[in-house]
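A.B. asks: here is my input, please return the structure:
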Amino acid sequence: MKNFIKSLLQDESGQQSTKRILAMLGMVFLCVTMMLNSYSHESIKPSPELVSAVEVIVCVCIGATSLDKFASHMGGKKED
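C.D. replies: Numbering: from 1, shown residues only. Sure thing, here's the model as predicted:
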């Protein structure tokens with residue numbers, strides 16, 4: 001299980017990807033926040049702007065990771 005999670009956070013070259021780490025952390029925070037909010041009073045919920053900001057960060061990180069993956073395939077090797 002540890003190796004699976006480690007492989008999720010690596011890019012195509014085997015290096016740790018900051019975008020993937022931020023996306024996973026943001027996703028975990030959003031899921032935990034939604035679960036805790038379903039069992040708590042409305043007076044202690046986080047502001048909607050904060051939740052939206054985390055959503056945007058997660059979406060941008062996932063999108064940038066996807067673009068990196070396709071850009072490496074599209075770029076290829078240039079011939080002289």
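A.B. asks: wouldn't Lys19 be in contact with Cys61 here?
C.D. replies: Yes - at 4.5 Å, Lys19 counts as touching Cys61 under the criterion of CB atoms under 8 Å. Bear in mind the C-beta positions are built from the backbone N, C-alpha and C, glycine included.
A.B. asks: give me the below-cutoff pLDDT ranges for the protein.
C.D. replies: 72-73, 75-80 (pLDDT under 70).
A.B. asks: how many neighbours does Val58 have?
C.D. replies: By other CB atoms under 10 Å, 19 other residues sit near Val58.
A.B. asks: neighbour count winner among Lys19 and Cys61?
C.D. replies: The residue with more neighbours, out of Lys19 and Cys61, is Cys61; 21 against 18, by other CB under 10 Å.
A.B. asks: quick one: which helix or strand includes that one?
C.D. replies: Assigned by DSSP states H and E, Cys61 belongs to helix 48-75.
A.B. asks: show me what that helix is packed up against.
C.D. replies: helix 18-38 (3 or more CB pairs under 8 Å, 6 or more residues apart in numbering; DSSP states H and E).
A.B. asks: show me the contact partners of the helix it packs on.
C.D. replies: 8-11, 45-46, 51, 54-55, 57-58, 61-62, 64-65, 68 (CB atoms under 8 Å, 6 or more residues apart in numbering).
A.B. asks: centre of the chain to it, how far?
C.D. replies: Relative to its chain's centre, helix 18-38 lies at 8 Å (CA atoms, centre = their mean, to the nearest Å).
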